[in-house]
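# Just the structure for this:
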Amino acid sequence: METSISYGRIWRIAWPIIVGGIAQNIINVTDTAFLGRLGEIELGASALGGIFYLAIIMLGFGMGIGTQILVARLEGQDKPGQIGRIMEHSLVMLLVMALLMFMVIKFLSTQFFAAVISSESIFNATVDFIRYRSWGVFFAFINVGFTSFYVGTTRTGVIAGSTLIMAAVNVFLDYGLIFGNFGMPALGLRGAALASLAAEITVTLFFVFYTVFFANKKRYRLFEWHKFDLPVLKRISGISIPVMLQNFLSLFAWFVFFVLVERLGETELAISNIVRSIYVILMIPIWGFAAASNTMVSFLIGRRIGGEILPTVYKIAGLCFIMVILFVIPTLLFPGEILRIYTTDPILIDSSLPVLRVVSGSVVCFAFAMVFYNAVSGTGKTGIALTMESLVVGIYFLVAWLLAIELRMPVAVVWTVEFLYALGLFVLS
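I've put the predicted structure just below:
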């Protein structure tokens with residue numbers, strides 16, 4: 001069956017998220033590149049601390065995806081007046097979650113890192129990093145709530161603007177606080193954490209300002225502060241909780257992966273953090289088209305034209321594949337030049353090349369896997385999506401442990417589990 005959703009419409013949803021992803025990853029690149037000048041300990045600590053923090057944030061992101069699905073569904077049903085009530089309940093729930101997550105980080109993270117990190121130097125640096133980074137959880141969760149509204153209503157250009165602001169603030173403060181430029185104190189790894197915190201606060205202020213003065217508050221009945229409604233809370237939670245668990249599981253799997261790599265050695269962990277930074281950049285178009293897949297599927301169900309879902313998903317996957325190839329080609333043609341952005345150490349550069357080739361291949365698999373997986377979530381069947389993710393992550397854990405701990409394989413071989421993850425997710429989706 002043909003679909004009324006054109007390539008142009010898909011692109012209009014995806015491109016601002018892709019631009020936002022580029023800006024977001026300017027943060028990732030600058031953090032890794034600047035810390036790479038400090039040493040392997042700082043690189044390793046920022047990897048473990050950063051992924052741990054992201055795993056916590058993914059719980060909030062899951063709530064945001066659930067909200068986004070409902071917002072897109074109501075937009076498709078032409079019931080925009082109900083969106084404000086959804087948003088208010090979602091933001092309150094996100095703030096409560098943020099407080100709980102902050103307490104978890106504050107009181108349990110040190111013991112957790114002590115149990116899983118073998119290097120004392122990396123342990124101390126990671127604990128110091130997360131101590132400052134943890135305050136960002138409040139602002140990150142609020143930002144997730146606003147993001148779900150703008151993606152769900154297909155106004156993704158606002159997301160691009162917010163992320164560009166975040167990148168600009170983070171790069172400026174990174175350069176100042178890590179090395180002591182612009183009259184700021186030289187705080188090293190601690191400075192990177194504070195720069196990211198300041199960037200998140202800035203984005204929260206941007207979202208509040210933009211929504212108050214430029215969003216169509218009357219159409220969506222925003223900020224009317226409706227009375228607490230238990231059925232609305234249950235509706236949001238019913239879709240969001242499986243997504244929250246799935247996103248946490250996904251990022252926690254990556255955290256465990258890096259813990260396993262750390263057991264191979266500090267150099268292997270530094271290599272993996274450098275390649276992780278490039279890998280995330282290669283994933284940028286995938287996130288944009290995955291969000292388009294989620295939103296469009298929910299919108300089509302709201303319009304009661306479910307027969308158009310698969311043709312639309314095929315279109316999205318095709319566009320995603322083309323964009324990923326455009327990102328991968330320069331990585332394969334100029335790997336040395338790209339790696340020198342992060343480090344001038346020739347041993348690290350040479351050792352990173354095989355890992356970079358592995359992730360360049362796996363990201364092509366993810367182009368299809370993430371589009372189809374987010375289409376499953378877009379139907380509202382988030383419990384099924386969680387079951388699929390759990391199964392794939394279980395296999396991922398087992399194979400990564402065998403390769404890294406039991407067989408002590410080279411780090412590039414350990415990274416091949418990314419192929420397994422992507423292919424498993426795609427086949428099940």
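
# ok, which stretches of the stretch 151-300 of the chain are helices?
Assigned by DSSP state H, counting those that start in this stretch, the helices in the stretch 151-300 of the chain fall at 157-179, 189-213, 217-220, 230-264, 266-282, 284-302.

# ah, wrong one, I meant the stretch 301-429 of the chain
Under DSSP H, counting those that start in this stretch, the stretch 301-429 of the chain gives helices at 309-333, 335-339, 346-378, 382-401, 411-414, 417-428.

# The helices of the stretch 151-300 of the chain: which one's closest to residue 418?
The closest of these to residue 418 is helix 266-282. By Cβ to Cβ, the value is 8.1 Å. Yep, even glycine has a C-beta here, placed from its N, CA and C like the rest.

# Tell me what angle the closest one forms with helix 417-428.
Going by axes from the mean of the first three to the mean of the last three Cα atoms, to 10 degrees, helix 266-282 is angled at 40 degrees with respect to helix 417-428.

# ok and helix 266-282 relative to helix 346-378, angle-wise?
50 degrees.

# And residue 302, how far from residue 78?
Residue 302 is 8 Å from residue 78, where distance means Cβ to Cβ, to the nearest Å.

# between the two, who's got more neighbours?
The residue with more neighbours, out of residue 302 and residue 78, is residue 302; 18 against 9, by other Cβ atoms under 10 Å.

# what about that one, distance to residue 62?
21 Å.

# Equivalent analysis for residue 233, please.
Taking Cβ to Cβ, one finds residue 233 at 16 Å from residue 62.

# returning to what we had before: highest mean neighbour count out of the helices of the stretch 151-300 of the chain?
Mean neighbour count (mean count of other Cβ atoms under 10 Å) peaks for helix 284-302 among these, with a mean of 26.

# Who are the packing partners of that one?
Here helix 284-302 touches helix 7-36, helix 40-76, helix 137-152, helix 309-333, helix 346-378, going by 3 or more Cβ pairs under 8 Å, 6 or more residues apart in numbering; DSSP states H and E.

# so can I have a markdown table of those showing mean pLDDT, distance to residue 172 and mean neighbour count?
Shown next, in a markdown table, are the helices and strands packed on helix 284-302 (pLDDT from 0 to 100; distance: least, Cβ to Cβ, whole Å; neighbours: other Cβ atoms under 10 Å):
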| stretch | mean pLDDT | distance to residue 172 | mean neighbour count |
| --- | --- | --- | --- |
| helix 7-36 | 69 | 10 | 21 |
| helix 40-76 | 82 | 18 | 25 |
| helix 137-152 | 90 | 18 | 25 |
| helix 309-333 | 92 | 26 | 17 |
| helix 346-378 | 92 | 27 | 21 |
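
# Tabulate those (JSON lines), appending distance to residue 159.
Below are the helices and strands packed on helix 284-302 laid out as JSON lines (distance: least, Cβ to Cβ, whole Å):
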{"stretch": "helix 7-36", "distance to residue 159": "5"}
{"stretch": "helix 40-76", "distance to residue 159": "11"}
{"stretch": "helix 137-152", "distance to residue 159": "6"}
{"stretch": "helix 309-333", "distance to residue 159": "17"}
{"stretch": "helix 346-378", "distance to residue 159": "16"}
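
# looking at those helices, which is closest to residue 229?
Relative to residue 229, the nearest member of the helices and strands packed on helix 284-302 by Cβ to Cβ is helix 40-76, separated by 13.2 Å.

# buried ones in the helix or strand following the closest one?
From helix 40-76 onward toward the C-terminus, using DSSP states H and E, the following helix or strand is helix 83-116. Within helix 83-116, the residues scored as buried using 16 or more other Cβ atoms under 10 Å are 83-91, 93-94, 97-98, 101-102, 105, 109, 113, 116.

# how far away is residue 180 from residue 38?
Counting by Cβ to Cβ, the gap from residue 180 to residue 38 is 12 Å.

# Can you pull the residues that touch both of the two?
Residues touching both residue 180 and residue 38 (Cβ atoms under 8 Å, 6 or more residues apart in numbering): there are none.

# Can you list the neighbours in contact with stretch 248-256?
48, 51-52, 54-59, 62, 386, 389-390, 393, 396-397, 400, 421.

# Identify the residues contacting residue 264.
Taking Cβ under 8 Å, 6+ apart, one finds 404, 408, 411, 414 in contact with residue 264.

# re earlier: quick one: the helices of the stretch 151-300 of the chain as JSON lines, columns for distance to residue 11 too.
Shown next, in JSON lines, are the helices of the stretch 151-300 of the chain (distance: least, Cβ to Cβ, whole Å):
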{"stretch": "helix 157-179", "distance to residue 11": "12"}
{"stretch": "helix 189-213", "distance to residue 11": "23"}
{"stretch": "helix 217-220", "distance to residue 11": "24"}
{"stretch": "helix 230-264", "distance to residue 11": "25"}
{"stretch": "helix 266-282", "distance to residue 11": "19"}
{"stretch": "helix 284-302", "distance to residue 11": "8"}
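
# for the ones you listed, which one sits closest to residue 333?
Across the helices of the stretch 151-300 of the chain, residue 333 has its closest neighbour in helix 266-282 (13.5 Å, Cβ to Cβ).

# so what secondary structure elements neighbour that closest one?
In terms of contacts (3+ Cβ pairs under 8 Å, 6+ apart), helix 266-282 is packed against helix 7-36, helix 40-76, helix 120-133, helix 230-264, helix 309-333, helix 335-339, helix 346-378, helix 411-414.
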